[in-house]
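> okay, predicted coordinates and the sequence, questions at the end:
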Amino acid sequence: MKTKRLIAAITVSAGLILGPAALAQEETPVDMKDLPSPAQTTIKEKAGNDQILRVAKETRKGKECYDAVVNKNGKEVAIRVDSNGKFMGTHPEKTEQKAKTKGY
């Protein structure tokens, strides 16, 4: 009986540890100047006067997109656009998980 519980505990633990890693998206830091022109334009429009801290290229659901992290009222917010400049939304950025790069 103890062996079954041990195996169950190991299985659950492995799932909790490996699960988020399997869902992680590939993210590569890039310079703003290296983005397609439509993506740059949309990011600059959405950022307005907010400082762009860093930009990363991602592949989400098999499609290339870009996250530009801006400082909005003291909080880091990511602006997501696709390579055609289509605005895909914003989301709060978790700074402890992201590598800091130079601002723009």
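Arrived safely, thanks for sending.
> what's the local residue count around K4?
8 (other C-beta atoms under 10 Å). The way it works is simple: take the backbone N, C-alpha and C, and place the C-beta from them, glycine included.
> so it lies in a helix, does it not?
Yes - read with DSSP: H, G, I helix; E, B strand; the rest coil, K4 is one of the residues of a helix.
> ok, it - contacts?
For K4, the contact set (C-beta atoms under 8 Å, 6 or more residues apart in numbering) is empty.
> change the start of the numbering to 475 and stick with it
Noted, 475 is the first residue going forward, which turns the last one into K478.
> tell me the spacing between M562 and K478.
46 Å (C-beta to C-beta, to the nearest Å).
> repeat that for P510.
Distance, P510 to K478, using C-beta to C-beta: 55 Å.
> ok, for G563, nearest residue in space, not its chain neighbours?
Leaving aside its chain neighbours, G563 sits nearest to R554 (5.5 Å; criterion: C-beta to C-beta, 6 or more residues apart in numbering).
> centroid-nearest residue for the protein?
D541 (6.0 Å; C-alpha atoms, centre = their mean).
> name the SS class of that one, please.
Under three-state DSSP, the three-state class of D541 is strand.
> enumerate every residue touching it.
With C-beta under 8 Å, 6+ apart, D541 has these contacts: E501, V529, A530, E532, A552, I553, R554.
> equivalent analysis for S511, please.
Listed by C-beta under 8 Å, 6+ apart, the contact set of S511 reads G559.
> ramachandran angles for it?
Here is the backbone geometry of S511 (degrees, to the nearest 10): phi -50, psi -40.
> how near is it to E550?
Where E550 is concerned, S511 sits at a distance of 25 Å (C-beta to C-beta).
> from what I can see V544 touches N523, true?
No - applying C-beta atoms under 8 Å, one finds V544 not in contact with N523, separated by 9.6 Å.
> these two: which is more packed in?
With neighbours defined as other C-beta under 10 Å, V544 and N523 compare such that V544 has more, 24 against 6.
> good, wrapping up.
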